[in-house]
Structures are given as structure tokens and as C-alpha cells.
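Novice: When you get a sec, could you give me coordinates for this:
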Amino acid sequence: MTGGSGLVINDLHVAVDGKEIVKGLSLTIRKGEIHALMGPNGSGKSTLANALMGHPGYEVTSGEILLDGQNIVGEPPDARARLGLFLAFQYPTAIPGVSMGNFLRLAMKSVQGRDIPPMEFRRSVQEQMKLLKMDSSFLSRYLNEGFSGGEKKRAEILQMALLRPKYAVLDETDSGLDIDALRIVSEGVNALAGPDLGVLVITHYQRLLQYIQPQFVHVLVDGRIIRSGGQELAHELEARGYDWVIQEAAATTGEVR
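Specialist: Purely as a prediction, here's the structure:
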């Protein structure tokens, strides 16, 4: 499968420590679209996210990941970032000794392939921090060290805003957030969403989708997408849980238990 635009995941199989976790997943995300991937714990959601970004601990055993027609399986994470892919981590890592400001400027330089003039960087970062309701003192703090859950997730969205990817994968961005932080982070994502960005929101709960409203919702169970629909599917999952959709899939295919 070649050609065409979009983030195209084609019959993807991913193994961790020799055990297959993602088992033939196919999904296409176009610019301007917001997709939500939901599923119970252990269904393979974070495995998919890490495999998309090229984490070396997640082995793609077969299938394709096409970014605007280019198969990026085998490409290192930095190459994928330069091609326009971004991952917001579920559990961002703290890096003592590296300030947020220096990290962001180096990240922009790496992705854009050029030195960022100080005035240009300052102007860009101040605009985005205002959007995310972040104080300017944030830039002098060490990356994620001592950050609250909400501050870590805002830092991830700030990175996304500055790097301007074509496709963004948000891995359980709502994890560990209170209602106020969830709202602010969601407002940031919504402000960045548009015709030049495709978004895959990975979440366990429907509450995030009250703020970030997807056009497409997919249910992942045991490494496979077993149902897709619109936002009404997320509401039904919130009301009824996952058992009913798992049972319906099992009745249809006999593969999901």
C-alpha cells in the first residue's frame, strides 16, 4: 500500500518481548480529522502509540505505518518527528538539569533543521504559553521535574504547538488530570486542531471527549479494532462499559473473548 496523504496504519502487528500485543490493526487519520481510540486496560493502546513513534522496545513484526505515503517502519523517532509525527506521552519523563526553554528550542531546531533566532523563539513560545495559561517562569524550570500532572501535560501540548506536526498522537493525555487542568489542556488541543493537523486521541475514559470532540471513535480490544463509529459510540461506552461491544464482536467473529 503506497501513495496518498494521511497517517495510514495498515495491518500492523507489534510485539513486546516476543509477545504480540497489536494484532493486525488498520486505521487512517487524515489532516483535519480527530480520531479517538478507546479500550480497556491492556488492550494495546499505549503499545500502538509507542510503536507509531518508533520506540525500540516495540517491534513491528509486520504491516506498515505510512506517513503521507512514506513507510516509516524502521525510521528512528527523530526522523519520524522531522517528517511530522508527534507523540504526547502518558507519563512524560523528568530530565533534571535541562530547562524547559533550552529543551523546546533544541527540539524546534531538530525538527525544523535550522537555528531558531532568540527573538523568533521567544515570540513563538510566549504566544503558545498564553494560550495554555502557562506562566513564563515555566521556561526556567527543569523539564518535568517537580511538575504536577497538569503541568506535565501542558508541557507536552506546548511542545506540540511549537513543533507544528502534521499528525499528533495523544497517549492518555487525561491521565492524572483534575477537571481544571483537563479543560485547559483540551482547550490547547482544540486551538491547534484544524485542517493542517490530524489527531489521534488515545483514552480509557469518555470524559476527555467531552472537551476534545472527535469525528471518529474506535474501540481497541486485544490488539484489534473491533468497532468504529461517531461520537455517539463514546457516549454509549461511557454508559454501558466495554463488555457489550466485546460480546457483540465475539458473536460476530468468534475471535474476541
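Novice: so what's residue 169 bridging to?
Specialist: Bridge pairing for residue 169 (DSSP bridges) gives the partners residue 87, residue 200.
Novice: And for stretch 16-28, what's in contact with it?
Specialist: Outside stretch 16-28, the residues that touch it by C-beta atoms under 8 Å, 6 or more residues apart in numbering are 6-15, 35, 37, 44, 47-48, 51, 57-59, 61, 63, 200, 218, 220, 222-225. In this view, the C-beta of every residue, glycine as well, is placed from N, C-alpha and C.
Novice: Over to stretch 199-215?
Specialist: 7, 27, 29, 33-41, 45-46, 48-49, 167-174, 182-183, 186-187, 189-190, 193, 217, 230-231, 234-235, 237-238.
Novice: Which of those residues are buried, as a PyMOL select command?
Specialist: Those of these that meet the burial criterion (16 or more other C-beta atoms under 10 Å) are gathered into one PyMOL selection, given here:
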select buried, resi 7+27+29+33+34+35+36+37+38+39+40+45+46+48+49+167+168+169+170+171+172+173+174+182+186+187+189+193+217+231+234+237
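Novice: Can you flag which of the contacts of stretch 199-215 belong to strands?
Specialist: Here DSSP state E is the test, and those give 7, 27, 29, 34-38, 167-171, 217 as lying in strands.
Novice: min pLDDT across those residues, which one?
Specialist: Sorting the ones in strands among the contacts of stretch 199-215 by pLDDT puts residue 171 at the bottom of the list (90).
Novice: wait, what's in contact with that one?
Specialist: With C-beta under 8 Å, 6+ apart as the criterion, the residues that contact residue 171 are 45, 46, 49, 50, 87, 88, 89, 90, 202.
Novice: which of the ones in strands among the contacts of stretch 199-215 lies closest to residue 120?
Specialist: Out of the ones in strands among the contacts of stretch 199-215, the one with the shortest distance to residue 120 is residue 168. That distance is 22.3 Å, counting by C-beta to C-beta.
Novice: pretty sure that closest one is touching residue 194, no?
Specialist: No. At 11.6 Å, residue 168 does not count as touching residue 194 under the criterion of C-beta atoms under 8 Å.
Novice: Lowest-confidence entry in the contacts of residue 171?
Specialist: Least confident of those in the model: residue 90, at 79.
Novice: Pull the number of nearby residues for that one.
Specialist: Residues near residue 90, counting by other C-beta atoms under 10 Å, number 19.
Novice: distance of it from residue 72?
Specialist: 21 Å (C-beta to C-beta, to the nearest Å).
Novice: can you redo the ones in strands among the contacts of stretch 199-215 as JSON lines with distance to residue 249?
Specialist: Rendered in JSON lines, the data for the ones in strands among the contacts of stretch 199-215 read as follows (distance: C-beta to C-beta, whole Å):
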{"residue": "7", "distance to residue 249": "24"}
{"residue": "27", "distance to residue 249": "16"}
{"residue": "29", "distance to residue 249": "22"}
{"residue": "34", "distance to residue 249": "24"}
{"residue": "35", "distance to residue 249": "19"}
{"residue": "36", "distance to residue 249": "18"}
{"residue": "37", "distance to residue 249": "16"}
{"residue": "38", "distance to residue 249": "14"}
{"residue": "167", "distance to residue 249": "27"}
{"residue": "168", "distance to residue 249": "28"}
{"residue": "169", "distance to residue 249": "24"}
{"residue": "170", "distance to residue 249": "25"}
{"residue": "171", "distance to residue 249": "24"}
{"residue": "217", "distance to residue 249": "15"}
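Novice: In CSV, list the contacts of residue 171 along with distance to residue 76.
Specialist: Compiled in CSV, these are given as follows (distance: C-beta to C-beta, whole Å):
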residue, distance to residue 76
45, 23
46, 20
49, 16
50, 13
87, 13
88, 19
89, 17
90, 21
202, 22
